[in-house]
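Undergrad: Fold the following, please.
(one chain, ligands or ions: 1)
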Amino acid sequence: MQNLPALLLAKKRDGHRLSDAEVADLVTGIVDGSLTDAQLGALLMAGLLRGADARETAAWTREMRDSGFVYDLSAVPGAKVDKHSTGGGGDSLVLAPLAASLGVIVPMVSGRGLGHTGGTIDKLESIPGFRTDLSPDEFEALLARLGVAMSAATDRLVPADRRMYAIRDVTATVESVSWITASILSKKLAEGIEALVLDVKCGRGAFMRDLDRARELAESIASTARELGCPCRARITDMDQPLGRAVGNSLEVVEAIECLRGHGPADLREVVVVLAADMVELAGRRREREQAVRACEEALDDGTALAKFRAMVEGQGGDPAVVDDPSRLGAAACIVPVAAEAGGFVADLDPFAIAVTAVKLGAGRRVPGEAIQPQVGIVCCKKRGEAVATGETLFEVHAKSAGDAETAVAELATVITIADAPPEPRPLLLAGMG
Ligand code: URA
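TA: You can find the predicted model right below:
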């Protein structure tokens, strides 16, 4: 580092904006280790308390993007557009092949589950043989041949974020809008994309629990992306109950295949169509919104998107027969229904509590690096607003043992509220911008 770290930290602590050159110097120190953990922790806390303006947030994002390997996809013809969801639902599994089936090039580099939120990579790896450790050459070749590739982030991509995220995690500094913006966007921009669709989930199952915070994050990411030359459309979608019905890795793959067949849960399809139509429009594949929406619906209904998913599974070494026969994904040893003790309407379904129960069943990790159980999880047979009769199945628990299932059944009894009247409807699309 060229500057004295303590002087830069004092500048941030006192609420002044760091210049582009100072941010670059700090990122160098983060990557080469000359900034110590103590100094990095202090910097991150000062950044959380003082915030950063648009110019400084853009500088952090750019320098973090350039701290490691950046995909150069200029040899792949076509507009490269990706989608990022904060707090993953299973919608990427449908969205990526759907957008690609309409001519968008989708270079999707994803993460594993984080806390209670699921990870696209864990879901894909529940497909026998599916490889997510694609080399850059393999990634580019698949994009050129199929228009879609879904790979795990490697250690070489945005190394500054890996160190910053690990320290944020243990210094109570994850919740800064500027740090989240730079973290998410540096990784997306390193994919070599030309435009981005952003889906900020909002509600108890999401990172952003209230609409004001979700709006602040969406505006920050979208404006920083534009500042760095990447057009971005942002949506805020509801995550105050699970999206779709399945919570768990192979269970969500089965649900995605259903959706790609033109069936599946209505809320999952609605979100997928809105976001895929955004990608199609940003890529310039359809000019009018209505045409983009209709094209997405048709591709789901006529098998075009499913064919692209099958080709992607095969291209990445997976068993393409799962597309026609999802039972090849296997099943949990113990599948137990949870019955309603009284009839009425589902007034509330707590997505955070359901996700925590799914993690305890083995669908996610309690500690970093833990192996997950691909087939375990929960199916929510009744969603908010649906009528329930006494004795009807509210949930299906998919567990690896009877003991695990018993614990999950007891927990699930407390996560659902049944009332005499249906609740006020809550829209799925809470806001859109850009
Ligand atoms: N996801 C990320 O990649 N980074 C954050 O800071 C938060 C969520």
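Undergrad: Now the lowest-mean-pLDDT helix or strand in the chain: buried residues?
TA: Counting by mean pLDDT, DSSP states H and E, the weakest-scoring helix or strand in the chain turns out to be strand 429-433, with a mean of 88. For strand 429-433, a neighbour-count test (16 or more other CB atoms under 10 Å) marks 430, 431 as buried. (Glycine included, C-beta is placed from N, CA and C.)
Undergrad: helices and strands around that strand, which ones?
TA: helix 211-227, strand 232-238, helix 266-282 (3 or more CB pairs under 8 Å, 6 or more residues apart in numbering; DSSP states H and E).
Undergrad: For those, give me CSV that also has distance to the ligand, mean neighbour count and mean pLDDT.
TA: As requested, those are exported to CSV (distance: least, CB to the nearest ligand atom, whole Å; neighbours: other CB atoms under 10 Å; pLDDT from 0 to 100):
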stretch, distance to the ligand, mean neighbour count, mean pLDDT
helix 211-227, 9, 20, 96
strand 232-238, 15, 24, 96
helix 266-282, 18, 23, 97
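Undergrad: Now tabulate those in JSON lines and tack on distance to residue 147.
TA: Output for the helices and strands packed on strand 429-433, formatted as JSON lines (distance: least, CB to CB, whole Å):
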{"stretch": "helix 211-227", "distance to residue 147": "22"}
{"stretch": "strand 232-238", "distance to residue 147": "20"}
{"stretch": "helix 266-282", "distance to residue 147": "11"}
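Undergrad: Note down every partner strand of the least confident helix or strand of the chain and its orientation.
TA: Paired neighbours of strand 429-433 in the sheet (DSSP bridges): strand 232-238 (antiparallel).
Undergrad: next SSE after the partner strand?
TA: Sequence order places strand 246-247 as the next helix or strand after strand 232-238, per DSSP states H and E.
Undergrad: could you point out which element follows that next one?
TA: Past strand 246-247, the next helix or strand by DSSP H and E is helix 249-260.
Undergrad: Which residue is the nearest non-sequential neighbour of residue 147?
TA: Excluding the flanking residues, the one nearest residue 147 by CB to CB, 6 or more residues apart in numbering is residue 100, at 3.9 Å.
Undergrad: err, residue 83, not the other one
TA: residue 197 (4.3 Å).
Undergrad: again, but for residue 331
TA: Using CB to CB, 6+ apart, the nearest residue to residue 331 is residue 375, at 5.8 Å.
Undergrad: quick one: contacts for the residue of the chain found nearest the ligand?
TA: In the chain, no residue comes nearer to the ligand than residue 183, which is 3.5 Å away by CB to the nearest ligand atom. Contacts for residue 183 (CB atoms under 8 Å, 6 or more residues apart in numbering) come out as 64, 161, 164, 165.
Undergrad: so of these, which ones are in helices?
TA: Among these, the ones falling in helices (DSSP state H) are 64, 161, 164, 165.
Undergrad: Mind checking which of those are buried?
TA: 64, 161, 164, 165.
Undergrad: on that earlier part again, and the residue nearest to residue 83, helix, strand or coil?
TA: strand (DSSP: H, G, I helix; E, B strand; the rest coil).
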